[in-house]
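Novice: Got a sequence here, can you model it:
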Amino acid sequence: MASDEEDEYQLSENQIEEIREVWAKYDKEKKDFIPVEQVGSIMKNLGHNLNAEQLKEVQEVVDADGSGTVDWDEFLALMSQKYKDAEDEHIVREAFRIFDKKGHGWIDVADLKIILKTMDDQMTDEELDAIVDEVDDDKSGTVDFEEFMKLVTS
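Specialist: A predicted model of the protein is given here:
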């Protein structure tokens, strides 16, 4: 079930129109449903390139009943979530860029601890160390964007 936050995201009229135009190229008979196998192609046409694993997951979600088809409302809900995810990632990338002052593509863990401490001055050094240990997957002493994204979204 979708969370309330996910339900709140609204596509703009322009986004819906763009999605509808691409959808119409695949729903030539105007039945308001397409074979689930075409979801990846439509998404690619809309700028959402998925790897094989992501595509399989998406197909399972939109075709939960196993009918082999996806209707317009299901696809629109999927695309709403994809647009939200892309917007969220953009926001996190901008925050990362601000913290990565020198543009190296990483944040030093000492700087990350300062950032986290600023956000919650009640956080203990042990808690900060635990967070950094969990996020710095490769134990490099730095946090790259993927690791930062994991921190922000966990």
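Novice: and Thr69, what are its bridge partners?
Specialist: Assessed by DSSP bridges, Thr69 has beta-bridge partners Pro35.
Novice: How much space separates it from Asp100?
Specialist: Thr69 is 44 Å from Asp100, where distance means Cβ to Cβ, to the nearest Å. Where C-beta positions appear, they are placed from N, C-alpha and C, glycine not excepted.
Novice: Beyond the top helix by length along the chain, next helix or strand please.
Specialist: When the chain is parsed with DSSP state H, its longest helix is helix 72-99. Moving toward the C-terminus from helix 72-99, the next helix or strand (DSSP states H and E) is strand 106-108.
Novice: Report the buried residues of the following helix or strand past that next one.
Specialist: Downstream of strand 106-108, the next assigned helix or strand under DSSP H and E is helix 109-119. When burial is assessed from 16 or more other Cβ atoms under 10 Å, helix 109-119 yields the following buried residues: 109, 112-113, 116.
Novice: what does stretch 134-151 give?
Specialist: Neighbour-count burial for stretch 134-151 [16+ other Cβ under 10 Å]: 135-136, 142-145, 147-149, 151.
Novice: what does stretch 76-91 give?
Specialist: Of the residues in stretch 76-91, those buried (16+ other Cβ under 10 Å) are 76-80, 82-84.
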